[in-house]
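# predicted model follows, preceded by the sequence.
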Amino acid sequence: MMNNNSTTLIDYIDNVFQSNETVLTYFYTQLYRDYNPDINGYNFIFMVPPDLSGWNLSNMHLYSQSDNKSFFSLTGKFMTFSAIDFTPPINQINTERVSSRTGGIPYATEITNTEQCSVTYIDNADIDIYHFHHMWLEYIRAVVDGIVDPSPQYYEENDTSQFYGAIDYAASIYVVRYLPNLKTIRFVGKCVGIFPQSLPTKELIGTRTSNELTTLPMNYFCSAYREATWREQSHWLIHEINQLVQGF
């Protein structure tokens, strides 16, 4: 029975278990304090957009981060998308075996990532997310077909250039999980060197009987992936995302 000073279930649990360190103490703490299925945090995807440097002044209307008439003039440092699903690259441990008379003993030789990741976005009525990816793919097509060339800083060796050897149509995304206060980070994942594998054009035409949202499952090629959780406060990725989205 709850005493007069206890007004909530959590108060009752605190009173019952404050002097009893048992397995149930941990269980109830996890169930009623650390886990709440109704308010369990929010997920955001921040994309550092690709440069697409080959689109010069003559066709800047297609894409530009500086031209005021461009569709992406308000992009800024990040493009923030609404998403309902994220599938990161898979971390794989490659092994070899030491042979012995009683069998083989496996040991790790290398840790690698698969080269694909995917994000399912929720698009708006103007299909802006689809439009962005459409232009992204069209730029890659133009580069592959030799119609446009990237900026020389990407392929002309220069000791002062930080872009030499990079790919101007590659982007990066941060997947960040916040507590409901939108300040406390619980998880950060970063995919670098990504670009789309295909355009989900079929997803633009949804059934009208259910009045469903437009969801775009985008698959990307990915060069590298790293992640960190809230218990790794000294991790470089936690510091990086805090600095980049400070004041968000």
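Noted; the coordinates are in hand.
# quick one, what contacts the residue nearest to residue 166 when sequence neighbours are not counted?
What sits nearest to residue 166 in space, not counting adjacent residues and going by Cβ to Cβ, 6 or more residues apart in numbering, is residue 154, at 5.9 Å. The way it works is simple: take the backbone N, C-alpha and C, and place the C-beta from them, glycine included. Residue 154 sits next to 53, 163, 164, 165, 166, 167, 168 when contact means Cβ atoms under 8 Å, 6 or more residues apart in numbering.
# buried subset of the residues you listed?
Applying a neighbour-count criterion of 16 or more other Cβ atoms under 10 Å, the buried members of the contacts of residue 154 are 53, 163, 167, 168.
# show me which of those is closest to residue 222.
residue 167 (12.5 Å; Cβ to Cβ).
# surely the closest one is within a helix?
No: applying DSSP: H, G, I helix; E, B strand; the rest coil, one finds residue 167 to be coil, outside a helix.
# which stretches of the protein have low pLDDT?
Residues of the chain meeting the criterion pLDDT under 70: 1-41, 56-77, 159, 206-212, 246-248.
# can you list the domains in it?
Under the assignment automatic domain parsing, the domains of the chain span 9-37, 39-244.
# dump the contacts of residue 154 into TSV; add distance to residue 124 as well.
Output for the contacts of residue 154, formatted as TSV (distance: Cβ to Cβ, whole Å):
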residue	distance to residue 124
53	28
163	32
164	38
165	36
166	31
167	29
168	27
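# what is the burial count for residue 99?
When neighbours are defined as other Cβ atoms under 10 Å, residue 99 has 8 of them.
# which strands or helices does the helix or strand it falls within pack on?
Using DSSP states H and E, residue 99 sits within strand 91-100. In this structure, strand 91-100 makes packing contacts with strand 103-113, judged by 3 or more Cβ pairs under 8 Å, 6 or more residues apart in numbering; DSSP states H and E.
# mind listing what's buried along the strand it packs on?
For strand 103-113, by 16+ other Cβ under 10 Å, it's residue 113.
# ok now it, how far from the chain's centre?
Here strand 103-113 is found 28 Å from its chain centre; the criterion is Cα atoms, centre = their mean, to the nearest Å.
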